[in-house]
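Visitor: this one's sequence-less:
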Ligand SMILES: Nc1ncnc2c1ncn2[C@@H]1O[C@H](COP(=O)(O)OP(=O)(O)O)[C@@H](O)[C@H]1O
Ligand SMILES: [Mg+2]
């Protein structure tokens, strides 16, 4: 193993007991195993040997300040890094290496094995197609549902993510929706096919507190192994008990959320915690 074992107070080598351990190794049961993931763009190193593991069905938080590389990590996991980026290292999904895989094959994994919620909801939506069709189509293509069943499932999902008047809203085009509604459409799209893994990049930032709570409930109900990116430590503590901290493209700390929040050992983690405390003090009603 690399140096990560030294950074962690405990090691769960099976990854099956208790909480997710960011240091656990993956055994034959699979998982999402990211090793030394490095992204360079125009000679600049954006991600530097990012390493973590998400066992099947577990959730891992990824936190860090703005610009620390959270979104790049999510994109590189999906093979959606910007054109011109060089990606090295390994992203292994249930034993299948994704880095270096031909684009077509990789796209197939994105369609069924791993779902993504982008930080920028516009990215994932086709502006020229009604949102209902965008949720339903992958269900027909990847899961063999007939048109009527897929449409019914799209309505059910829209209801689940708290979209108002789903059957008429699903007939709208993306530009007719609010940012928060678009974000929820993207969440519905990502979970529609019940992928084994989810990558969610700040999936609740455009939402009010009540809707956010509903969406976090939805993520908690998913059976998928999940990489959950957030800059919000209250959301982090709600959604998972294990996280990695990014700073300038590197994982600088990892372990239990409780430990990271109560006794941060890296200055980057400490800065996040004290910023969150200051925000909680300024906000009436405090931590949500
Ligand atoms: N398309 C791109 N080309 C070059 N640099 C980029 C690109 N996208 C992001 N970056 C850089 O990568 C770093 C990490 O960005 P990002 O992953 O978006 O941060 P975060 O999501 O943590 O706020 C930043 O320094 C950002 O400027
Ligand atoms: Mg980001």
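Guide: Good, I have the coordinates. Source: prediction; values computed, not measured. Ligands and ions are numbered 1, 2, ... in the order given.
Visitor: domain assignment for the protein?
Guide: 20-112+222-288, 114-194 (automatic domain parsing).
Visitor: for ligand 1, find the nearest of those domains.
Guide: When these are compared for distance to ligand 1 using C-beta to the nearest ligand atom, the nearest one is domain 20-112+222-288, at 3.2 Å. Just so you know, the C-beta spots here come from the backbone N, C-alpha and C atoms, and that holds for glycine as well.
Visitor: mind checking if the strand or helix carrying residue 251 is in reach of ligand 1?
Guide: Assessed by DSSP states H and E, residue 251 sits inside strand 250-256. No. Judged by C-beta under 6 Å from any ligand atom, strand 250-256 stays clear of ligand 1, getting no closer than 11.4 Å.
Visitor: how distant is that strand from the center of its chain?
Guide: Centroid separation for strand 250-256 versus its chain: 17 Å, with C-alpha atoms, centre = their mean, to the nearest Å.
Visitor: same question, stretch 100-109
Guide: From the chain centre to the centre of stretch 100-109 is a distance of 19 Å (C-alpha atoms, centre = their mean).
Visitor: buried set for that stretch?
Guide: 101, 106, 109 (16 or more other C-beta atoms under 10 Å).
Visitor: likewise stretch 269-282?
Guide: Quick answer for stretch 269-282 (16+ other C-beta under 10 Å): 269, 272-273, 276.
Visitor: using a markdown table, lay out the domains of the chain together with distance to ligand 2 and mean pLDDT.
Guide: Listed next are the domains of the chain as a markdown table, based on distance: least, C-beta to the ion, whole Å; pLDDT from 0 to 100:
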| stretch | distance to ligand 2 | mean pLDDT |
| --- | --- | --- |
| domain 20-112+222-288 | 3 | 90 |
| domain 114-194 | 5 | 93 |
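Visitor: with distance to residue 215 added, can I get those in TSV?
Guide: Below are the domains of the chain laid out as TSV (distance: least, C-beta to C-beta, whole Å):
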stretch	distance to residue 215
domain 20-112+222-288	10
domain 114-194	6
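Visitor: out of these, which comes closest to residue 213?
Guide: Nearest to residue 213 among these is domain 20-112+222-288 (8.0 Å), distances taken as C-beta to C-beta.
Visitor: still on that earlier bit, which strands or helices does the strand holding residue 251 pack on?
Guide: helix 4-7, strand 44-54, strand 242-247, helix 267-282 (3 or more C-beta pairs under 8 Å, 6 or more residues apart in numbering; DSSP states H and E).
Visitor: go through it and flag the buried ones.
Guide: Neighbour-count burial for strand 250-256 flags 250-256 (criterion: 16+ other C-beta under 10 Å).
Visitor: that one pairs with which strands, parallel or anti?
Guide: If you go by DSSP bridges, strand 250-256 pairs up with strand 242-247 (antiparallel).
Visitor: next, the angle from the strand it pairs with to strand 44-54.
Guide: On the basis of axes from the mean of the first three to the mean of the last three C-alpha atoms, to 10 degrees, strand 242-247 is oriented at 170 degrees to strand 44-54.
Visitor: ok, and what's touching strand 242-247?
Guide: 19-22, 50, 52, 58-65, 68-70, 73, 236, 251-257, 260, 266, 268-269, 272 (C-beta atoms under 8 Å, 6 or more residues apart in numbering).
Visitor: again, only this time at 7 Å
Guide: With C-beta atoms under 7 Å, 6 or more residues apart in numbering as the test, strand 242-247 has contacts from 19-22, 52, 60-64, 68-70, 73, 236, 251-254, 256-257, 260, 266, 268-269.
Visitor: I am finished for the moment; much appreciated.
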